[in-house]
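Asks: Just the structure for this:
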Amino acid sequence: MKNPRPAVKNPKKLKGKNLLLILSGSIAAYKSGDVIKELREAGAKVTCVLTKGAQEFVTPLTLRAVSGQPVYGEFFAADTPYDVIHTSLAEESDAVLIAPASANFIARLAAGMADDLASCIVLATRKPVIVVPAMNDQMYYHTLTQKNLATLREVGYEIVDPIQGDLVCGRTAMGHISDTKAILEVVARCAGKK
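Replies: Coordinates of the predicted model:
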């Protein structure tokens, strides 16, 4: 029996692109598998970097299985193939995607901090940086978080705004990570920039 609907082929919008996915400490990190799957189906190679907070929500083993690539988290790991890991990862990537971006990580980026592998990569890259906030609505709407996001926009980072959705506190409100399709669209647009 023939399938009544032909399969829709996923266009390879990201064919040949190297993407660096930074995950920070947010419950939304559980959605990273879906994001990685969509990016790979669009043709991208995805390398993941975890902050310490992200490691509380997802494991390097899980991300390595989904991405098919090594996963990094430690600045001074002995098993890295790079002499200088933060600049090497920054230079070989076509774009840096931070999803989820917690309020803490956003604040550290806005302050120009470079105290772990993930924040050093962001400072070292000259490629597009895409920030995907995910947090409690009160944290998201806080004046300081909004000021930090404005600072990131001013320096040229793309922000994929959160959406209204179910939050871990039990409320339905703004702060839920944007849907995967919206994230993919922004990444596809930005990864082609030189």
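Asks: drop to CA atoms for contacts and neighbour counts, all remaining ones
Replies: Fine.
Asks: what sits up against stretch 23-31?
Replies: Outside stretch 23-31, the residues that touch it by C-alpha atoms under 8 Å, 6 or more residues apart in numbering are 32, 48-58, 98-102, 105, 134-135, 168, 176-177.
Asks: So for it, mean pLDDT?
Replies: Across stretch 23-31, pLDDT averages out at 92.
Asks: show me where this protein has strands.
Replies: 18-23, 45-50, 71-72, 95-101, 129-133, 158-159, 163-166, 172-176 (DSSP state E).
Asks: Write the PyMOL selection for whichever of the contacts of stretch 23-31 are buried.
Replies: Filtering these down to the buried ones (16 or more other C-alpha atoms under 10 Å) takes a single PyMOL command:
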select buried, resi 32+48+49+50+51+52+53+54+55+58+98+99+100+101+102+105+134+135+176+177
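Asks: what pairs with Thr172 across the strands?
Replies: Note on Thr172: beta-bridge partners by DSSP bridges are Asp166.
Asks: Tell me who's in contact with it.
Replies: Here Thr172 is in contact with 164-166 (criterion: C-alpha under 8 Å, 6+ apart).
Asks: Sketch out the low-pLDDT regions of the chain for me.
Replies: Within the chain, the stretches with pLDDT under 70 are 1-11, 75-79, 81-84, 193-194.
Asks: now do 90
Replies: For the chain, the stretches with pLDDT under 90 are 1-13, 27, 73-88, 90, 163-176, 191-194.
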